[in-house]
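Engineer: Provided below are the primary sequence and the corresponding predicted coordinates.
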Amino acid sequence: MPARLDHTIMHSTDSTASARFLTHLLGAPDPEPFGPFVAVPVEGGLTIDYADFIVQPDQIVMQHLAFLVSEEEFDGIYARVRESDLPYWSDPGHQGPQRLNHRSGGRGLYVDDPDGHAIEFLTVSEGPGS
């Protein structure tokens, strides 16, 4: 049986603000404190645990999270991105400002969270075996 990812830790300057940023975009319930972390539960039992105590703010290294969502979920996320006046891009290099991508026949966009982590939302998986 292949391993299943249980949780990942995202370094942040303000774990509550970063977790709320993600739950707002996802249209999910408010994040919950879990020990020293602020946890965002997602599909399959995975949690994204935000931590603001592990590294200093100048040591945060940008990470990338990609969320595969349904067309309906994407519509909601896209609406919340626009309502929040967030900059978004069609690619991870920020070359397509305020545009969606349509790779593999789906839709996708990238936003940066408060600490500069790249958050991607896509409707068609582009990974190996998809």
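Structural biologist: That came through fine.

Engineer: State whether residue 19 is indeed within a helix.
Structural biologist: Yes - under DSSP: H, G, I helix; E, B strand; the rest coil, residue 19 falls within a helix.

Engineer: Can you verify my assumption that it contacts residue 41?
Structural biologist: No - here residue 19 lies out of contact with residue 41, judged by C-beta atoms under 8 Å, at a distance of 10.5 Å. Every residue, glycine included, has its C-beta placed from N, CA and C.

Engineer: So for these two, which sits in the more crowded spot?
Structural biologist: residue 19 (25 against 17; other C-beta atoms under 10 Å).

Engineer: and the more buried one, what pLDDT?
Structural biologist: Looking at residue 19, its pLDDT is 98.

Engineer: Likewise for residue 86?
Structural biologist: Taking residue 86 on its own, its pLDDT is 98.

Engineer: Buried residues, stretch 88-102. List them.
Structural biologist: Neighbour-count burial for stretch 88-102, counted by 16 or more other C-beta atoms under 10 Å, picks out 88-90, 100-101.

Engineer: residues making contact with stretch 52-65?
Structural biologist: 8-15, 36, 48, 92, 115-120 (C-beta atoms under 8 Å, 6 or more residues apart in numbering).

Engineer: related to what we said a few turns ago, columns secondary structure and distance to residue 32 on top of the buried residues of stretch 88-102, output as a markdown table?
Structural biologist: Formatted as a markdown table, the buried residues of stretch 88-102 follow (DSSP: H, G, I helix; E, B strand; the rest coil; distance: C-beta to C-beta, whole Å):
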| residue | secondary structure | distance to residue 32 |
| --- | --- | --- |
| 88 | coil | 27 |
| 89 | strand | 30 |
| 90 | coil | 33 |
| 100 | coil | 31 |
| 101 | strand | 32 |
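
Engineer: Tell me if I'm right that residue 105 and residue 124 touch.
Structural biologist: Yes - here residue 105 reaches residue 124: they are 5.9 Å apart, a contact under C-beta under 8 Å.
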